[in-house]
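Visitor: Provided below are the primary sequence and the corresponding predicted coordinates.
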Amino acid sequence: IHFIKRFKCPTNISAVKLEKLGRFLGITAMVAVKQQSGVAGIAVKQSGVAGIAVKEPGVAGIAVKQSGGVAHMGSSSTQQSMDTGILVEKINHSSGKVEWKIMPSDYDYSRELARASFADMLHDSERNHLYRLGLQAAIKKVKERGDKVRVLDIGTGTGLLSMMAAVEGVDSIVACEEFRPMAECAQKIIQLNGFKDKIKLVRKRSTELTVGPGCDLEERANILVTEVFDTELIGEGAIGTYNHANRELLTPDRIVVPGIARMFAQVVSCNLASKWSILQDIDCGNGKIVKFDGKYRITNLVLHDVQLSQLEEADFTPISEPIQVFNFDLACKNGPIPEDEKTVQEFTASCDGKVTAVFMWWDCYTDPDNSILLSCAPYWSHKDKKEQAWRDHWMQAIYFPKSEIQVEKGESLELISNHDEYSLWFDVINKKQETSNKNSEEYLYMPMSRTRLFQVNDSEANQKYIQAIQSISTEPLKNILCLGDQSVMGLVLAASVSSAHVTILQENKRMEAVLNDMIKENDLSSRIDVYPEIQDLPSEVCYDAVVCDMFFTGSVLSWHNLLAAYHIRQLKNEGRIKENCSVVPGKFHLWLLPVHYSDLWKIRAPLHNIEGFHMKHFDDIIDKASDTCDENVEPQPLWEYPCTALAHPIRVATLNLSDPLPDNNISYTGTVDLECKEKELNGLALWSTWDLTDDLSINTGPLSDIILGKQVEWNKGHKQGVHLFKEHKM
């Protein structure tokens, strides 16, 4: 929805999770179109593969490969099995290509449930308790006025907030929930807890509710309780929801829980944040530098939501104190919440430094007297410091100014904050330097995620690759093939090995265009060629080295990048590489570590009982949805989710990328002694290492030696694999 509204896409596109849009359009975009005849799901891979799944009479599914001229169609008359399922896009990690699989007809609903973050939100005991206190205060105030208490709960989910109101003896409660699986869940939970006759459940969007005798609401409500927030506060359409409800569904003397939300921003200098934003120059030694001049970046409209409380104080330098940039009157007492708003705050730089990022968070008052504060602030601005409540459904966010400006302590700066109906963006200007700042149109935007850009900016890894390629052969290298997506490694190789001609394989068309610009700007056009597919490589060239920058578009876990081994096998079979070809990296290792996750376990753990209400039915349906949709191992940036090592790491697999690939699945069976008994085992962490040479390796996991009973320090540039145990009292 965020994307559709911002870029003015047709409003008939619905919100069936533009799931991979986080790769920001350069790779895969998924949308769904709701039509009278049914629901059509459309997936587009920009590199040349498009797939369409259509649910309507007579046509069950269509898959089209644009560049290859191949189309596969199935209809109800030719493929009856499609009538009972849906087509789902999957990545084949041995080919890197999109495939379509038929999944159960309720797969979309199950995936929505499994991914909806309901569980960790409901595990947020502070949120639950403060909402309850605020609701109790609102009900008490209405009763003291001598009025009947009529409560409206928008987006009721499990029905928790409605049940909190019901035990306070209110006169009527209407709870609305559009998402069908959750509405069914709420109905059963409400009944299980004995509130079937006290809570009216309406399966509609709040904007579709009617008011009047015999309607959804018999009369306007005088208390609204709702939780329609996300990390950006407004990203789930909160502004439209509140404006409509206050205008159409509530009384003039209404109380809204929560009633006030405040947004804060803090200007910082943070080298880590810069790595998530701007492609940095790469020093290749001997005076050779691959230059990008700060013009290749990810658009500043794309936020980076993180657990800011996992940053150390040494990771950033505040240029400003936290500044309140917006105040949202959720009860609309002074008129509707603005759908477009801009504020400008002048502040004085607290120290010398380069402005690289703006940190953002919000808080809200849940009670009518604005005394009960629910805060999402990071530890340095939170009253509870590092003892603050953990939550993953509301985090903090990093935004990036249009230009990184150098400032001096005491200088006067302006923080410019903007929001529309769904999103936020920020800028910081120094009026002295304003005229010299680059215009945003001068920047070229990188078609990659912020996590991938962080990897590309990993100077330590880049230096290891340079050392490895310079040491692998006693003879001058003539032809090097560079594998890996969204990579600038080919330019690094050309700058580092003056004797070699470098060929880059880059499937993504947008990245190919960006690479060609970079090659020209670094005067490497005569020494680098770029091709989209292996079959496009010139047949007369035989490569004496293959260097893999271990990232491929479809990879979500580090071992998915073993796609490189399949490419190498194909190259060998086609005679495109020499018998004694050097392969970098040469080996892959998979590692496993038993851990205690401090909080991450909550995203899959059952609720049992929340604020005295039974949640068994919710636990059952989430468990079933998770079994249907969740992978056995899922990716997580573990630097944001603390865990304690309970044993020493175990190497469970090793592959030599130059050897023939095994025909059968590789399995590992073994035992591990849990040497640390102070904390219970509730999960595993998995990661890979890639040996560039005997002495140089890239580690996607821990940054330092693992110490039993201590918190593990994880690589911020990679996501690690997580397996959570359902039963974990070990």
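Guide: Received it, and whenever you're ready, just let me know what you need.
Visitor: Assumed residue 90 was part of a strand.
Guide: Yes: under DSSP: H, G, I helix; E, B strand; the rest coil, residue 90 sits within a strand.
Visitor: residues in contact with it?
Guide: 98, 99, 100, 101 (C-beta atoms under 8 Å, 6 or more residues apart in numbering). Quick note: C-beta positions are derived from backbone N, CA and C, even for glycine.
Visitor: Tell me how many other residues surround the last one.
Guide: This means residue 101. A total of 12 residues lie near residue 101 under the criterion other C-beta atoms under 10 Å.
Visitor: Any idea how far the helix or strand hosting it is from the middle of the chain?
Guide: Per DSSP states H and E: residue 101 is located in strand 97-104. How far strand 97-104 lies from its chain's middle: 22 Å, per C-alpha atoms, centre = their mean, to the nearest Å.
Visitor: Now it: buried residues?
Guide: 97, 98, 100, 102, 103 (16 or more other C-beta atoms under 10 Å).
Visitor: I'd assumed residue 89 was in contact with the fourth one.
Guide: The one in question is residue 102. No: taking contacts as C-beta atoms under 8 Å, residue 102 lies outside contact range of residue 89: 11.8 Å.
Visitor: where does the chain have low pLDDT?
Guide: By pLDDT under 70, the low-scoring segments of the chain are 1-84, 105-118, 300, 433-441, 727-730.
Visitor: which SS class is the nearest residue to residue 709 once chain neighbours are set aside?
Guide: Nearest residue to residue 709, sequence neighbours excluded (C-beta to C-beta, 6 or more residues apart in numbering): residue 676, at 4.4 Å. Recorded secondary structure, residue 676: coil (three-state DSSP).
Visitor: just the strands in the stretch 551-700 of the chain please.
Guide: Taking DSSP state E, counting those that start in this stretch as the criterion, the stretch 551-700 of the chain contains strands spanning 577-584, 587-597, 609-610, 613-614, 634-636, 643-645, 650-656, 683-691, 697-699.
Visitor: Next: the stretch 351-500 of the chain.
Guide: Using DSSP E, counting those that start in this stretch, strands in the stretch 351-500 of the chain cover 353-355, 357-365, 373-375, 396-399, 405-407, 412-419, 424-429, 444-445, 479-483.
Visitor: in its sheet, what does the fourth one sit against?
Guide: Strands adjacent to strand 396-399 in the sheet, as given by DSSP bridges, are strand 304-306 (antiparallel), strand 357-365 (antiparallel).
Visitor: Okay, now the sheet partners of whichever helix or strand comes after the first one, with direction.
Guide: It stands for strand 304-306. Sequence order places strand 317-318 as the next helix or strand after strand 304-306, per DSSP H and E. The strands beside strand 317-318 in its sheet (DSSP bridges) come out as strand 260-269 (antiparallel).
Visitor: now the partner strand and strand 412-419, what's the angle there?
Guide: With axes from the mean of the first three to the mean of the last three C-alpha atoms, to 10 degrees defining the directions, strand 260-269 sits at 130 degrees from strand 412-419.
Visitor: Next up, the contacts around the closest residue in space to residue 699 that isn't next to it in sequence.
Guide: Nearest residue to residue 699, sequence neighbours excluded (C-beta to C-beta, 6+ apart): residue 689, at 4.9 Å. Counting by C-beta under 8 Å, 6+ apart, residue 689 touches 588, 589, 591, 697, 698, 699, 700, 701.
Visitor: and residue 689, what are its bridge partners?
Guide: Beta-bridge partners of residue 689, as defined by DSSP bridges: residue 589, residue 699.
Visitor: I'd say residue 172 and residue 147 touch.
Guide: No: Residue 172 is beyond contact range of residue 147, at 12.0 Å (criterion: C-beta under 8 Å).
Visitor: So if I had to pick from the two, which one is more boxed in?
Guide: The neighbour count for residue 172 versus residue 147, taken as other C-beta under 10 Å, is higher for residue 172 (17 against 14).
Visitor: Can you show me the helices along the stretch 351-500 of the chain?
Guide: 450-456, 459-471, 489-496 (DSSP state H, counting those that start in this stretch).
Visitor: burial measure for the closest residue to residue 304 other than its chain neighbours, as a count.
Guide: Ranked by C-beta to C-beta, 6+ apart and with sequence neighbours excluded, the top spatial neighbour of residue 304 is residue 398, at 4.4 Å. Other residues within reach of residue 398, judged by other C-beta under 10 Å, total 24.
Visitor: which residues touch residue 398?
Guide: 273, 276, 303, 304, 305, 306, 308, 357, 358, 359, 360.
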